[in-house]
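Asks: Show me how the following folds:
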Amino acid sequence: MKNYLNIRQWLRQSIAARLAMVCFGWSLLVAGLVTLWLVLHEKKEALQHAEAELHKISQSYLPVLNDALWTLDPQRLQSQLDALRQFPELARIELTNDSGELTRIELRPLEQLLLERRYPLEIEIEGQRYPLGELHLMIDAASLNEQMWETAQAGLITSFSTLFFSSLLLLLLFQRWVSRQLHQLALYARQLNADNLSASPVWAGADFYADDEIGAIVEAFSGMQQRLGKELKHRALVEAELKSYQSELELMVEQRTAQLAAQTQRLGLQSQQLQEQNDDLNAFAHTVAHDLKHPLTSMIGVATLLTQTGDALSPAQQQNFLQQILQSSQKMNLMINALLQLAALRSDEEPEKTEVQVEHSIQEALQHLQPLLDENHSQVRLCGPFPKVLAQPQWLMEIWLNYLSNAVKYGGKPAQIEVGLDTLTDNSNCWRFWVRDHGSGVPAGQKDKLFVEFSRLHQMRSDSHGLGLSIVRRICQKLGGNCGYESTVGGGSTFWFTLPLSRPMA
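Replies: As a prediction, the model looks like this:
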């Protein structure tokens, strides 16, 4: 144990010894790999030779054996088996005739099978093959293993001897040219410290070569010693000045950091609030312009007609026009009430939610859109039944108004619309409602902008109805759900949103 510790300490303290050990180990590994390659290569050649011999046997002897078995000529058969004995690679020959009788010839003990082949014996007469038996040849690997072992021993002994003496020579040369000089340099480095830069070099008189790498290191140490002395004196003066400013600077930094942090937090909150307010105001402006335009235009047209031709109209026609004005006024009143309710989206307060029957909300939206449905000859199919959800009734209806009106306008001519729902696999207390059409769909470049800003899905249509997809997104978020868009396979669009159930599912 003591000898082991001494050797380990010697290896840790001597670079030459570590270098020699690494070189010796690496060279021994390479020699082992080369020897292994030689052995494998020799085995590969032996296998190829055995394959060639078996191929030669199959080409030369099989036809004669087939003929001897077919003609029932035992002397000729025996002469062929005797000829097969002359192949030195074969260890065992087994011949089975068509009656199942086995003839086995042991040429040498079969210790380890290297290669075997089974050749069916048969004869072909007028296109028909008649089996005559089987020839089974086996080759032993004992001689090959012995040869490979001799090759490996010779290679390893030669490599070990060569590498051992090479490593020993490398150790001696490194000890003479490098280790001794490095030892002198290490002694000087231990004596040299920040408090003793005037120590004299311990290598004075040593046989250093000024032109080699170690000599260059010695010169660099000397120059570094002088520069360090000057730098340490200058550093002492600078440290004295820095200490006088340190306390004052730390106090100023703490005060300024606190001020900047508070100011940054205030500016961030203000910027976020302003951005949200701007988004809300833009959405409301677009909503008012688009949602009130259609009923207001209808009221102006009917009122103008009554004013100009009122006397020429029958009482029934006048009553019909007044009914249209009343309906448009009621629609505007509903829209204005919806906008007032949506103003709550700008506040942080929770909206007042009630239990809403989804199918009733869909029917109410369809009643508002009946003129648009009749005008476009559109059909809507409900894939119910629909559950109850927690929502704000007017907000929910506005979602259906927006989705259904978009489906009517852009879902084909005429539009075939489906309204349905799915359960969410990751949340059993939420439903996913959707409106699906079979139109041309939304272009790929506009999908990311659908719920970001208020924009019409088609620039050629200016009669958009509803609160806009950006407001739909805000409503869904306020109600605790989400919304999105998917392209339907085969063409068309599917707009969906999620809402929580009125009562959690068991």
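Asks: make it CA atoms for all contacts and neighbour counts henceforth
Replies: OK.
Asks: quick check: mean pLDDT across the helix or strand containing K44?
Replies: For K44, the host element (DSSP states H and E) is helix 15-60. Averaging pLDDT along helix 15-60 yields 78.
Asks: what's the following helix or strand after it?
Replies: Next in sequence after helix 15-60, counting helices and strands by DSSP H and E, comes helix 62-71.
Asks: residue ranges of the helices in this protein, please?
Replies: 2-13, 15-60, 62-71, 74-84, 142-174, 180-191, 213-291, 293-309, 315-342, 358-368, 370-376, 393-410, 469-478 (DSSP state H).
Asks: Give me whichever of these is most buried.
Replies: helix 393-410 (a mean of 22; mean count of other CA atoms under 10 Å).
Asks: CA atoms only for that helix, dumped as PDB, please.
Replies: Extracted in PDB, the C-alpha atoms of helix 393-410 (Å, rounded to 0.1, in the frame of the first residue of the first chain):
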ATOM      1  CA  PRO A 393     -77.200  36.800 -22.400                       C
ATOM      2  CA  GLN A 394     -76.700  39.800 -24.700                       C
ATOM      3  CA  TRP A 395     -73.000  39.100 -25.000                       C
ATOM      4  CA  LEU A 396     -73.600  35.500 -26.000                       C
ATOM      5  CA  MET A 397     -76.200  36.500 -28.600                       C
ATOM      6  CA  GLU A 398     -73.700  39.000 -30.100                       C
ATOM      7  CA  ILE A 399     -71.200  36.100 -30.500                       C
ATOM      8  CA  TRP A 400     -73.800  34.100 -32.500                       C
ATOM      9  CA  LEU A 401     -74.800  37.200 -34.500                       C
ATOM     10  CA  ASN A 402     -71.200  37.800 -35.600                       C
ATOM     11  CA  TYR A 403     -70.400  34.100 -36.400                       C
ATOM     12  CA  LEU A 404     -73.700  33.500 -38.200                       C
ATOM     13  CA  SER A 405     -73.700  36.700 -40.200                       C
ATOM     14  CA  ASN A 406     -70.200  36.000 -41.400                       C
ATOM     15  CA  ALA A 407     -71.200  32.500 -42.400                       C
ATOM     16  CA  VAL A 408     -74.200  33.800 -44.400                       C
ATOM     17  CA  LYS A 409     -72.100  36.300 -46.200                       C
ATOM     18  CA  TYR A 410     -69.000  34.200 -46.900                       C
END
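Asks: hmm, back to that, distance to L115 added to the helices of the chain, as a markdown table?
Replies: Output for the helices of the chain, formatted as a markdown table (distance: least, CA to CA, whole Å):
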| stretch | distance to L115 |
| --- | --- |
| helix 2-13 | 49 |
| helix 15-60 | 8 |
| helix 62-71 | 18 |
| helix 74-84 | 16 |
| helix 142-174 | 12 |
| helix 180-191 | 61 |
| helix 213-291 | 61 |
| helix 293-309 | 94 |
| helix 315-342 | 88 |
| helix 358-368 | 80 |
| helix 370-376 | 85 |
| helix 393-410 | 77 |
| helix 469-478 | 76 |
